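Engineer: build me a model:
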Amino acid sequence: MTGLFSGIRRRVAHLRRYRHIMAVLMKYGFEEVAGILARRLKVGIGSKGLPTAYSQEIAQASLARRVRLAMEELGPTFIKLGQLLSTRPDLLPTPYIEELERLQDQVTPEKSEVIRHEIRRQLGAYPEELFAWFSPEPIAAASIAQVHRARTKEGQEVVLKIRRPGIVKTLRTELEILEDIAVLIKKQRLTPETLDPVRMVREFSEAVSKEVDLANERRNQLRFIRNFEGDPTIHVPRVFESYCSEGILTMEYIQGIKPNEIERLKQAGLDTKEIARRGADFVIKQVFEFGFFHTDPHPGNFLVMEDNVLAPLDYGQVGRLTRNDQQLLRYLVMAIVDVDAEKIIVGLERAEVLDDETDVTELTRDIEDVLSNYAHLPIRDIPFREALSRVFDIIRRHRIAPPRDFTLMLKCLMTIESFAKDLDRDFQIIEQLKPYARRFAFEEISPRRMLRQMRSAVRNAGELTARLPEDASAIITKFRRGRFKIHIHHEHLEELVQTLDSSSNRLAFSIIIAALLIGSSMLVAQEGTVLGVVRLETLGIIGYLTATFIGIWLVVSLIRSRRL
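Structural biologist: This next block holds a predicted model:
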């Protein structure tokens, strides 16, 4: 009962936002979805201000474009969700990915006085007390933070990334609403079986929580500084930790040119082909050597300095490849080089990413079909982005569930290839990958690797043999004492629990109604008063009225739930 009433209180608090979401969904042609959400959330959409029909332009737009337009109108949180989904080609087809990549996070900057007080709250003093100079006008503004220039008292030029006041609370509220909607979408099966909206929203919540924590971004940036220390082609901005907090990140100001401003690059005497190669090397090195990578290497997150030096920016979102992820990547690279579909299947099985219902024979046939299209081509002529797009089609079709960061890594490689091709039309990312493929090939047959694998196998076998009598004894002992337990996980058990909870609540109300009717009938027939104030007959009538009110409420809830 407590959960029921807390849920009602939360929905009432979010009522206005729910109505806005329903209105936007209807505006862009998603009336069925809006209606289902309204019924299930028990939110009246109302007619005031709602569109009677969407415009001709929207009617002619593709479904993917209407999704993107709806997210833009729903505001920063939904834009962030769309941007996250644009990095998941394993979940969404290419047309949706291309539309969501166009989402722009454009918001009005906070007033300078608000920013002054936020700096004081985060760092303990106003900016004019901390810095020799501070610009009240931001040089960039997004939904989570905005960026201001400043100069330290030691004369160092810096930028402050300042989190918007109140954004954490706002995001928490929006994420609660998103999770409510995701649960309903999942129950109503409004998405393909390959999409789990609840899991997607929870992944999004985790990603956004990391992005609003600027202390986490500071730690990421410091790790990049260590990883690329001594690399003359990459300059990671220095962090000024004494001016940092959970809500403020202060780093070195970089004077440079955006990589997509090609004419400016040429006028400055910079080499676009070299910039393309360095950008690709920056990402590939992270993936293959560090297992720790920048997840969104688009041109807006770089500046080009003198001598074609690249300065990557914005370290809020990074990916990490586990040892298993790196092993799977090895299998994929080697399989592509050897045109061996079986090797890919072995890698997927070892990584435990295949669904129980996956038809391995059909999957092998699809992979062989993709590989055969490119087998006759020289490695440098393989269209990398096209090949990966086809791989993602296979992933969706066969319900393969690769680790999230592994998918981000593949999308990251696609992004950096696009980045590089804009600078150099002849660029081939496969050429940049070839040294790593050769290294993997030599490592596969190296005596040191084989010896290490043999040692590991012997050690594991020895440990298993040593533990076997002890484990067998423990199992037999539990059998004898009646303590042996088998844990069974049911995929849809939560829905069953919710159904039983709802049914028990209705049954409880039915029993209360019956008790009120019986008790009231007994009281109406009696004469006398309670404490000389209220007649027993009056109490009986009040009982009848209460039972009637609860009964009407119960019938209405049954009708609205459509589960009579």
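Engineer: what helix or strand is the closest residue to Ala351 other than its chain neighbours located in?
Structural biologist: Ranked by C-beta to C-beta, 6 or more residues apart in numbering and with sequence neighbours excluded, the top spatial neighbour of Ala351 is Leu328, at 4.5 Å. In this view, the C-beta of every residue, glycine as well, is placed from N, C-alpha and C. Of the helices and strands defined by DSSP states H and E, Leu328 is found in helix 323-338.
Engineer: which secondary structure elements does that helix sit against?
Structural biologist: When contacts are defined as 3 or more C-beta pairs under 8 Å, 6 or more residues apart in numbering; DSSP states H and E, helix 323-338 packs onto helix 341-350, helix 404-423, helix 429-445.
Engineer: can you list the neighbours in contact with the shortest one?
Structural biologist: With contact meaning C-beta atoms under 8 Å, 6 or more residues apart in numbering, helix 341-350 is reached by 324, 327-328, 330-332, 334-335, 354, 360, 363-364, 367-368, 371, 400.
Engineer: nearest to Leu160, of the helices and strands packed on helix 323-338?
Structural biologist: Evaluated with C-beta to C-beta, those place helix 404-423 nearest to Leu160, the distance being 27.2 Å.
Engineer: now the closest one and helix 323-338, what's the angle there?
Structural biologist: For helix 404-423 against helix 323-338, the angle by axes from the mean of the first three to the mean of the last three C-alpha atoms, to 10 degrees is 50 degrees.
Engineer: buried stuff in helix 404-423?
Structural biologist: Neighbour-count burial for helix 404-423, counted by 16 or more other C-beta atoms under 10 Å, picks out 404-421, 423.
Engineer: pLDDT at the nearest residue to Phe384 once chain neighbours are set aside, what is it?
Structural biologist: Using C-beta to C-beta, 6+ apart and skipping the chain neighbours, the partner closest in space to Phe384 is Ile429 (5.0 Å). Turning to Ile429, the model gives it a pLDDT of 83.
Engineer: now do the contacts for Ile429.
Structural biologist: Contacts for Ile429 (C-beta under 8 Å, 6+ apart) come out as 280, 284, 384, 413, 416-417, 420.
Engineer: repeat for Ala125
Structural biologist: Here Ala125 is in contact with Ile119 (criterion: C-beta under 8 Å, 6+ apart).
Engineer: per-residue confidence for Val12?
Structural biologist: Note on Val12: pLDDT of 60.
Engineer: quick one: what helix or strand has the spatially most central residue of the chain in it?
Structural biologist: The C-alpha lying nearest the average C-alpha coordinate of the chain belongs to Phe204 (C-alpha atoms, centre = their mean; 2.9 Å). Using DSSP H and E, Phe204 maps to helix 197-212.
Engineer: CA-only coordinates of that helix in CSV, if you can.
Structural biologist: The C-alpha coordinates for helix 197-212 follow below in CSV (Å, rounded to 0.1, in the frame of the first residue of the first chain):
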residue,chain,number,x,y,z
PRO,A,197,13.5,0.5,-22.9
VAL,A,198,14.0,0.1,-19.1
ARG,A,199,17.6,-1.1,-19.5
MET,A,200,18.2,1.8,-22.0
VAL,A,201,16.9,4.4,-19.5
ARG,A,202,18.9,2.9,-16.7
GLU,A,203,22.1,3.0,-18.8
PHE,A,204,21.2,6.6,-19.7
SER,A,205,20.8,7.5,-16.1
GLU,A,206,24.2,6.1,-15.3
ALA,A,207,25.8,7.9,-18.2
VAL,A,208,24.2,11.3,-17.3
SER,A,209,25.1,10.9,-13.6
LYS,A,210,28.8,10.6,-14.6
GLU,A,211,28.5,13.5,-17.0
VAL,A,212,27.1,15.9,-14.3
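Engineer: may I see the buried residues of the following helix or strand past that helix?
Structural biologist: Sequence-wise, the next helix or strand downstream of helix 197-212 (DSSP H and E) is helix 214-227. By neighbour count on 16+ other C-beta under 10 Å, the buried set for helix 214-227 is 214, 216-218, 220-221, 224-225, 227.
Engineer: widest-spaced pair of those residues?
Structural biologist: Longest distance between any two of the buried residues of helix 214-227 is 20.0 Å, between Leu214 and Asn227; criterion C-beta to C-beta.
Engineer: in which helix or strand would I find Arg278?
Structural biologist: helix 272-285.
Engineer: report the buried residues of that helix.
Structural biologist: 272, 274-285.
Engineer: circling back: among the contacts of helix 341-350, which pair sits farthest apart?
Structural biologist: Within these, Asn324 and Glu368 form the most distant pair, 24.5 Å apart (C-beta to C-beta).
Engineer: neighbours around the residue lying closest to Gly528 once chain neighbours are set aside, how many?
Structural biologist: The shortest distance from Gly528 to any residue other than its chain neighbours is 5.3 Å, reached at Leu536 (C-beta to C-beta, 6+ apart). For Leu536, the neighbour count with other C-beta atoms under 10 Å is 15.
Engineer: now do the same for the residue nearest to Ile395 when sequence neighbours are not counted: helix, strand or coil?
Structural biologist: Setting aside the residues directly before and after it, Ile395 is nearest to Asp90 in space (C-beta to C-beta, 6+ apart), at 4.6 Å. Under DSSP: H, G, I helix; E, B strand; the rest coil, the three-state class of Asp90 is coil.
Engineer: oh, and call the first residue 31 from now on, that's how I've got it
Structural biologist: From this message on, residue numbering opens at 31, which makes the last subject Asp120.
Engineer: now Asp120: phi and psi?
Structural biologist: Note on Asp120: its backbone torsions stand at phi -80, psi -10 [degrees, to the nearest 10].
Engineer: that one against His428, yeah?
Structural biologist: No - with contact defined as C-beta atoms under 8 Å, Asp120 does not reach His428; the gap is 10.9 Å.
Engineer: what are the phi and psi values for the nearest residue to Glu241 once chain neighbours are set aside?
Structural biologist: Excluding its sequence neighbours, the residue lying closest to Glu241 (C-beta to C-beta, 6+ apart) is Gly346, at 4.2 Å. As for Gly346, its main-chain torsions (degrees, to the nearest 10) stand at phi -70, psi -30.
Engineer: give the contact list for Gly346.
Structural biologist: Contact analysis of Gly346 by C-beta under 8 Å, 6+ apart lists 240-241, 244, 246-247, 250.
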